[in-house]
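A.B. asks: Sequence first, predicted coordinates after that:
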Amino acid sequence: MQTDRRTLLQAAAALPLATAGASAAFAQAPAAAPAAAPPKEVTRALAHYLVTASYDDLPANVRKEGVRTLLNWVGVAIGGSHHETVDIAVSALGPFSGPQQASLFGRRERFDIMNAAFINGVSSHIFDYDDTHLKTIIHPAGPVASAILALAEMQPVSGKEFLNALVLGVETECRIGNAVYPNHYDVGWHITGTAGVFGSAAAVGKLLKLNEQQMTWALGLAASQPVGLRESFGSMNKSFNPGRAASSGIFAAILASKNFTSSDAMIEAKRGWANTISTKQDYNEILGDLGKRYEAALNTYKPFACGIVLHPAIDAAIQLRNENKLAADQIERVDLKVHPLVLELTGKKTPKLGLEGKFSVYHAVAVAIIEGAGGEKQFSDRAVTDASVVALRGKVNPVITPGIKPEQVDLTIVLKDGRKLNRYIEHAIGSVEVPMTDKQLETKFSDLADGIIPAATIRRVMDACWGVENLPNAAEIAKMSVAV
């Protein structure tokens, strides 16, 4: 699978710069040929798979990646729970919330399941520190885990049922994302929201034990609720998108469970989802090798709290900083050879807010050199206004360079004494090729949860995530992940 992805990446890098966009980001092949007639009943065939797929069907490696997906998501949801964005959402929605059915991770409040799923989805994405399906740049867990953990507090869900639903939800959104990426993303849709709602609806529908017709309707109702535009990046609105996808998926599945109907071909029809929101439709990506090829097994986890295209530069900067014990006052300039996508997505030269810093290659490199890290603290309001960081980012010079792929960087630090320090990154830490270890995921989790839930509870929550398959009720994870 990795070799195939590498081939696709090479094809993406060869696209003309005039058309380079997120399409080249982490995966796609050349421009699509004229669309062939779609196979019949794409939506229904996917629904059939979802209602018949069982936990016992999941290969061991897919189960393990599902568990890692859960652990990472719980950590980022707790970590982001007291960001101003979440405080605002809680304050705004509190007066309108229904029964106190579900927990807010890292907080004391309880909301109805749809509002809880929304807020937890926002919380998990606000640091831009969540998981990433690199072929589509979808952040899969936010829409899915937020929805089914909320549901699990309203009706008992065994750990095995929960993990199966999580994997199926991730599989659904990533396969549907594959079918329309890159064209869909390039025109401005935020694919985590637009494809994520399918993942949420599929996972919730699985736990509600929908039949095939009801699951078909649930997917159709999800198709009617695409959410998220890339213009929102750098604002609170970006994290709104996975949160809304989570709650919209619950909405779709619950309506379908009561036989609220939709078209049976909402994904593939001439005026359905795929044809309406994209000029590319590859339905084999949705139905091909279902139950054999798992996109959920390709999930990755961020070591740095920012857009994925910044990770190679941060990785290189930290390595050179640590190996040479660099201080900012030694540096004359920092030169980076980058893919066009880096400046397209992260070209903000003078970020004023932490959220803007996540989309600034200038800030990311400067703060990585000065602080030796790229966590949420390095993308805070404090960090982007730090005088030493501001001074160094003025010396950062990214240059679009032919031959450099989106996941690569060639970084050179020129020192005032004339020395030049170079580091080329082919695959950054956190990629499929250089994945974060279980221990690194635990360290990330602990750092995020520190100060929000007690240290002893952090260990208990991590153990519960690792052992989710043996839990009598997956809701235990949510209930122990709240502030005391």
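C.D. replies: Structure received. Here the structure is a predicted model, which means the values were calculated and not measured.
A.B. asks: Where do the strands of the stretch 101-250 of the chain begin and end?
C.D. replies: Taking DSSP state E, counting those that start in this stretch, the strands of the stretch 101-250 of the chain run over residues 102-103, 110-111, 131-133.
A.B. asks: Quick one: residues in contact with the second one.
C.D. replies: Counting by C-beta atoms under 8 Å, 6 or more residues apart in numbering, the neighbours of strand 110-111 from elsewhere in the structure are Leu93, Gly94, Ser97, Gly98, Gln100, Gln101, Ala102, Ser103, Leu104, Ala116, Ile119. (Each C-beta comes from the backbone N, C-alpha and C, glycine too.)
A.B. asks: Sitting in helices, which of the residues you listed do you find?
C.D. replies: Leu93, Ala116, Ile119 (DSSP state H).
A.B. asks: The first one against Asn115, yeah?
C.D. replies: This points to Leu93. Yes. Counting by C-beta atoms under 8 Å, Leu93 touches Asn115, with 5.2 Å between them.
A.B. asks: So between the two, which is more surrounded?
C.D. replies: Legend: neighbour count by other C-beta atoms under 10 Å for Leu93 and Asn115, higher for Asn115 (24 against 17).
A.B. asks: List the residues that contact that one.
C.D. replies: Leu93, Phe96, Ser97, Gly98, Ser247.
A.B. asks: Need the pLDDT of the fourth one.
C.D. replies: Going back to what we said before, that points to Gly98. With respect to pLDDT, Gly98 scores 95.
A.B. asks: Would you show me how to pick out the buried ones of the contacts of Asn115 in PyMOL?
C.D. replies: Per 16 or more other C-beta atoms under 10 Å, the buried members of the contacts of Asn115 correspond to this PyMOL selection:
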select buried, resi 93+97+247
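A.B. asks: For the contacts of Asn115, please prepare TSV with the additional fields distance to Glu371.
C.D. replies: TSV is the format used below for the contacts of Asn115 (distance: C-beta to C-beta, whole Å):
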residue	distance to Glu371
Leu93	35
Phe96	40
Ser97	38
Gly98	43
Ser247	36
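A.B. asks: so Ser360 sits right up against Gly354, yeah?
C.D. replies: No. At 10.4 Å, Ser360 does not count as touching Gly354 under the criterion of C-beta under 8 Å.
A.B. asks: can you list residues touching both of these two?
C.D. replies: With C-beta under 8 Å, 6+ apart, Ser360 and Gly354 have common neighbours Val384.
A.B. asks: if we can go back for a sec, rebuild the strands of the stretch 101-250 of the chain as TSV, extending it with mean neighbour count.
C.D. replies: As requested, the strands of the stretch 101-250 of the chain are exported to TSV (neighbours: other C-beta atoms under 10 Å):
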stretch	mean neighbour count
strand 102-103	26
strand 110-111	21
strand 131-133	25
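A.B. asks: Mind putting those into a markdown table with distance to Ala201 and mean pLDDT?
C.D. replies: A markdown table is the format used below for the strands of the stretch 101-250 of the chain (distance: least, C-beta to C-beta, whole Å; pLDDT from 0 to 100):
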| stretch | distance to Ala201 | mean pLDDT |
| --- | --- | --- |
| strand 102-103 | 18 | 98 |
| strand 110-111 | 20 | 98 |
| strand 131-133 | 18 | 97 |
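A.B. asks: of the ones you listed, which approaches Lys416 most closely?
C.D. replies: strand 131-133 (37.0 Å; C-beta to C-beta).
A.B. asks: Show me where the chain dips below the pLDDT cut-off.
C.D. replies: Applying pLDDT under 70 to the chain picks out residues 1-38.
A.B. asks: can you list the domains in it?
C.D. replies: Domain assignment for the chain by the TED database gives 42-303+465-475, 308-425.
A.B. asks: Which residue would you name as the spatial centre of the protein?
C.D. replies: His139 (1.7 Å; C-alpha atoms, centre = their mean).
A.B. asks: list the contacts for it?
C.D. replies: Contacts of His139 by C-beta under 8 Å, 6+ apart are His125, Asp130, Asp131, Thr132, His133, Thr192, Gly196, Pro242.
A.B. asks: And stretch 468-476, end to end?
C.D. replies: The first and final residues of stretch 468-476 sit 9 Å from each other (C-alpha to C-alpha, to the nearest Å).
A.B. asks: And that stretch, how far out from the chain middle?
C.D. replies: Centre-to-centre, stretch 468-476 and its host chain are 24 Å apart (C-alpha atoms, centre = their mean, to the nearest Å).
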